[in-house]
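In: sequence-free structure coming up:
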């Protein structure tokens, strides 16, 4: 059965760290502890220096500003779409009006031709049967 070797690795690492600090402190546990604390503070300061520090208020301001920018872009996009839709609607209405006028004109022309032909046919038929 296989056992985990992690506890062994962690134990050896801790023993090595303790040995390093004791050796560098000349065998004094109190001095080794102070060196370890000093190194821990240096490491924490280095990490804090590399990570950008922002207060909650600053982050809130940046969030509001980003939200306003996004809102403005969305509003501009909506306005552009509405303008394009309005333009397309007016063009469609103008086209429909033109098509309607053209259709009525063609119907009137056809109606006039039919009436002319009917008048001719009536006069032609009347002449056969002796009408005026």
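Out: Now that the structure is in, tell me what you want to look at. This is a predicted model, so every value here is computed, not measured. Numbers count the residues shown, from 1 in each chain.
In: in this structure, mark out all the helices, start to finish.
Out: Assigned by DSSP state H, the chain shows helices spanning 6-24, 29-50, 56-129.
In: would you reformat those as CSV and include mean pLDDT?
Out: Compiled in CSV, the helices of the chain are given as follows (pLDDT from 0 to 100):
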stretch, mean pLDDT
helix 6-24, 85
helix 29-50, 84
helix 56-129, 87
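In: and residue 120, how many residues sit next to it?
Out: 10 (other CB atoms under 10 Å). All C-beta spots, glycine's among them, are computed from the backbone N, C-alpha and C.
In: sorry, that was for residue 36
Out: There are 16 residues near residue 36, going by other CB under 10 Å.
In: now it: how far from residue 11?
Out: Using CB to CB, to the nearest Å, one obtains 17 Å as the distance from residue 36 to residue 11.
In: and for residue 128?
Out: On the measure of CB to CB, residue 128 and residue 11 end up 129 Å apart.
In: which one's more surrounded, these two?
Out: Neighbour count, other CB under 10 Å: between residue 128 and residue 11, residue 11 has more, with 10 against 7.
In: distance of that one from residue 21?
Out: Relative to residue 21, and taking CB to CB, residue 11 is found at 16 Å.
In: next one: residue 88
Out: 77 Å.
In: neighbour-wise, which of those two wins?
Out: Between residue 88 and residue 21, counted using other CB under 10 Å, the more crowded position is residue 21 (18 against 10).
In: excluding chain neighbours, what is closest to the more buried one?
Out: residue 32 (3.9 Å; CB to CB, 6 or more residues apart in numbering).
In: what's the burial count for that neighbour?
Out: 20.
In: that one against residue 38, yeah?
Out: No. Look at residue 32 against residue 38 with CB atoms under 8 Å: they stay out of range, at 10.7 Å.
In: can you list residues touching both of these two?
Out: Here residue 32 and residue 38 share no contacting residue, scored by CB atoms under 8 Å, 6 or more residues apart in numbering.
In: residues in contact with residue 34?
Out: Residue 34 neighbours (CB under 8 Å, 6+ apart): none.
In: done for today, thanks.
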